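A.B. asks: after the sequence you'll find the predicted model.
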Amino acid sequence: MAQVAERKRVTISVKRQFTIPQKYYESLGFETDAECILQDGGIFIRPLRNESSDFSEEILADLVAQGFAGQDLLARFKEQTKKVRPAVQKMIEEADEAAKSGAGKRSINDLFSTAKS
């Protein structure tokens, strides 16, 4: 059975600002940044974590696990980090194409439903 989405009315200021209800803010773990997604005639807002977005820690951990150290580690790290931006850009382009074509389209109820398909 699908969970009914909880709704709360908020006021938008003349500067296009509104306050996230405290219950939602705390429940979802918002910090300093949020991501807004325009979809199906509405805006979906979710917390954006202040985590490293360049994957440096993950790349280093993987290279160390593979046994790289010293100058070899540095050289491999430089190679790997150069590949991140093009890979992310490709994923963004693919997501944009999917959005334009309607592939993978989900409704707001799909996003908030706890029922498993």
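C.D. replies: Thanks, I have the structure now. Residues are numbered from 1 along each chain as shown.

A.B. asks: how about the nearest residue to the most centrally placed residue in the chain, chain neighbours excluded?
C.D. replies: Centroid check for the chain by C-alpha atoms, centre = their mean gives residue 48 as the closest residue, at 6.5 Å. With sequence-adjacent residues excluded and distances taken as C-beta to C-beta, 6 or more residues apart in numbering, residue 48 is closest to residue 33, at 4.1 Å. Using the backbone N, CA and C atoms, a C-beta is placed for each residue, glycine as well.

A.B. asks: before we move on, back to that, pretty sure the residue nearest to the centre of the chain is touching residue 34, no?
C.D. replies: Yes. Counting by C-beta atoms under 8 Å, residue 48 does reach residue 34; the two are 5.7 Å apart.

A.B. asks: that older thread, share the number of residues neighbouring the residue nearest to residue 48, please.
C.D. replies: 9 (other C-beta atoms under 10 Å).

A.B. asks: quick check: phi and psi on it?
C.D. replies: phi -130, psi 150 (degrees, to the nearest 10).

A.B. asks: so where's this structure uncertain?
C.D. replies: For the chain, the stretches flagged by pLDDT under 70 are 1-3, 50-54, 103-117.

A.B. asks: the longest helix seen in it packs against which elements?
C.D. replies: The helix that spans the most residues within the chain, counting by DSSP state H, is helix 70-101. The helices and strands touching helix 70-101, judged by 3 or more C-beta pairs under 8 Å, 6 or more residues apart in numbering; DSSP states H and E, are helix 56-65.

A.B. asks: so the helix it packs on versus helix 70-101, what angle?
C.D. replies: 130 degrees (axes from the mean of the first three to the mean of the last three C-alpha atoms, to 10 degrees).

A.B. asks: what's the domain layout of this structure?
C.D. replies: 10-51, 52-101 (automatic domain parsing).

A.B. asks: any chance of CSV for those domains, columns distance to residue 4?
C.D. replies: CSV is the format used below for these (distance: least, C-beta to C-beta, whole Å):
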stretch, distance to residue 4
domain 10-51, 15
domain 52-101, 27
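
A.B. asks: re the thing from before, need phi/psi at the residue nearest to the centre of the chain.
C.D. replies: Torsion angles, degrees, to the nearest 10, at residue 48: phi -110, psi 110.
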